[in-house]
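Asker: pasting the structure only:
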């Protein structure tokens, strides 16, 4: 991954992670545990191209759906 894209993705991941933690009242440690289980940061990296053009609320809703779906498996 080129350095510019790497930085853009990392910056985006941090921003969405902070909003996700606020939405779910999580500490950073709790977020890390949830990320280990549901691969949230990887999902944001893979989907960066379409996601960064989408509003943050839409991305957060998508993350909630993915976590919810994995809980029911």
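Answerer: Good, I have the coordinates. As the structure is a prediction and not an experimental result, all values here were calculated from the model. Residues are numbered from 1 along each chain as shown.
Asker: what residues of stretch 46-63 count as buried?
Answerer: Within stretch 46-63, the residues that qualify as buried are 48, 51-52, 59-60, 63, counting by 16 or more other C-beta atoms under 10 Å. For glycine as for every other residue, the C-beta is placed from the backbone atoms N, C-alpha and C.
Asker: adding pLDDT and secondary structure, write the residues you listed out as CSV.
Answerer: As requested, the buried residues of stretch 46-63 are exported to CSV (pLDDT from 0 to 100; DSSP: H, G, I helix; E, B strand; the rest coil):
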residue, pLDDT, secondary structure
48, 93, helix
51, 88, helix
52, 81, coil
59, 95, helix
60, 97, helix
63, 95, helix
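Asker: TSV for these, including distance to residue 22?
Answerer: Putting the buried residues of stretch 46-63 into TSV (distance: C-beta to C-beta, whole Å) gives the following:
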residue	distance to residue 22
48	21
51	18
52	19
59	14
60	10
63	13
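Asker: what's the closest of those residues to residue 33?
Answerer: Compare each of the buried residues of stretch 46-63 with residue 33 using C-beta to C-beta and the shortest gap goes to residue 63, at 15.0 Å.
Asker: now the closest one: how far from residue 8?
Answerer: 19 Å (C-beta to C-beta, to the nearest Å).
Asker: do residue 48 as well
Answerer: Look at residue 48 and residue 8: by C-beta to C-beta, they are 7 Å apart.
Asker: tell me the contacts of residue 62?
Answerer: Contacts of residue 62 were listed using C-beta atoms under 8 Å, 6 or more residues apart in numbering, and they are residue 51.
Asker: secondary structure element for it, which one?
Answerer: According to DSSP states H and E, residue 62 maps onto helix 56-71.
Asker: can you check residue 37 too?
Answerer: Assigned by DSSP H and E, residue 37 belongs to helix 28-38.
Asker: name the residues that touch that helix?
Answerer: When contacts are taken as C-beta under 8 Å, 6+ apart, the neighbours of helix 28-38 outside the stretch itself are 17, 20-21, 26, 40-41, 66-67, 70.
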